[in-house]
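[1] just coords:
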């Protein structure tokens with residue numbers, strides 16, 4: 001699926017979207033019954049990867065702004081989504097993830113964002129409210145102590161890493177393969193942990 005020259009969805013480039021979930025879940029694996037918020041349903045790679053690694057007590061909310069995407073998932077894409085949309089651990093809501101974040105306090109152990117090609121409102125300018133200083137403070141309020149914000153991006157963005165640190169997060173930047181194979185392009189995922197010790201910390205970079 002394309003938006004002008006920008007690729008929004010590609011079933012062949014699922015590796016980094018799956019990593020968004022698996023690596024985020026790894027960071028909260030000691031939490032019993034974790035609550036997750038996923039921004040953007042897309043083709044369901046992140047949701048299915050999270051369900052595959054989480055236990056029976058986990059709860060996931062997927063906030064998808066576009067009703068047609070949900071209808072697409074339950075219709076023409078039903079075979080790809082499998083039983084993920086009916087899994088009792090997951091609830092799919094037609095909502096702006098910005099509104100969900102701003103309406104919750106200490107509600108989530110992890111917030112996973114894959115609503116743009118990076119920390120800019122490419123698809124929808126209003127999504128800038130997720131990535132600017134005010135939006136990141138709202139994310140921090142919505143997270144429980146030790147909670148993790150994971151943000152997918154098609155490429156690096158040093159200014160965003162700085163904004164995360166300034167908002168009080170401990171930042172880890174990870175380069176992951178775009179595909180499930182060990183070759184090809186890399187994407188970037190930021191893992192930002194809610195930690196009072198994070199202020200002034202420098203980000204680290206990894207590859208996967």
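    Here it is on my side, so go on. Just so it is clear, the structure is predicted and the values come from calculations on it, not from any experiment.
[2] what sits against residue 48?
    Residue 48 sits next to 18, 81, 82, 84 when contact means C-beta atoms under 8 Å, 6 or more residues apart in numbering. In this view, the C-beta of every residue, glycine as well, is placed from N, C-alpha and C.
[3] Show me which parts of the one helix or strand it maps to are buried, residue by residue.
    Per DSSP states H and E, residue 48 falls inside helix 45-53. Residues of helix 45-53 classed as buried by neighbour count (16 or more other C-beta atoms under 10 Å): 45, 46, 47, 48, 49, 50, 51.
[4] Strand partners (parallel or antiparallel) of whichever helix or strand comes after that helix?
    Where DSSP H and E defines the elements, the next helix or strand beyond helix 45-53 is strand 59-64. Within its sheet, strand 59-64 is paired with strand 35-39 (parallel), strand 90-94 (parallel), according to DSSP bridges.
[5] helix or strand for the residue nearest to residue 131 when sequence neighbours are not counted, which one?
    Nearest residue to residue 131 in three dimensions, chain neighbours excluded: residue 119, at 4.1 Å (C-beta to C-beta, 6 or more residues apart in numbering). Assigned by DSSP H and E, residue 119 falls within no helix or strand.
[6] Around residue 119, how many other residues sit close by?
    25 (other C-beta atoms under 10 Å).
[7] One more: residue 117?
    Residue 117, neighbours per other C-beta under 10 Å, totals 17.
[8] so is it in a helix, a strand, or just coil?
    Three-state call for residue 117 (DSSP: H, G, I helix; E, B strand; the rest coil): coil.
[9] That one reaches residue 154, doesn't it?
    Yes. Using C-beta atoms under 8 Å, residue 117 makes contact with residue 154 at a distance of 4.6 Å.
[10] Tell me how far residue 138 lies from residue 90.
    Using C-beta to C-beta, to the nearest Å, residue 138 is found at 23 Å from residue 90.
[11] scratch that, residue 135
    In terms of C-beta to C-beta, residue 135 sits 25 Å off from residue 90.
[12] before we move on, what about residue 74?
    Separation of residue 74 from residue 90 (C-beta to C-beta): 13 Å.
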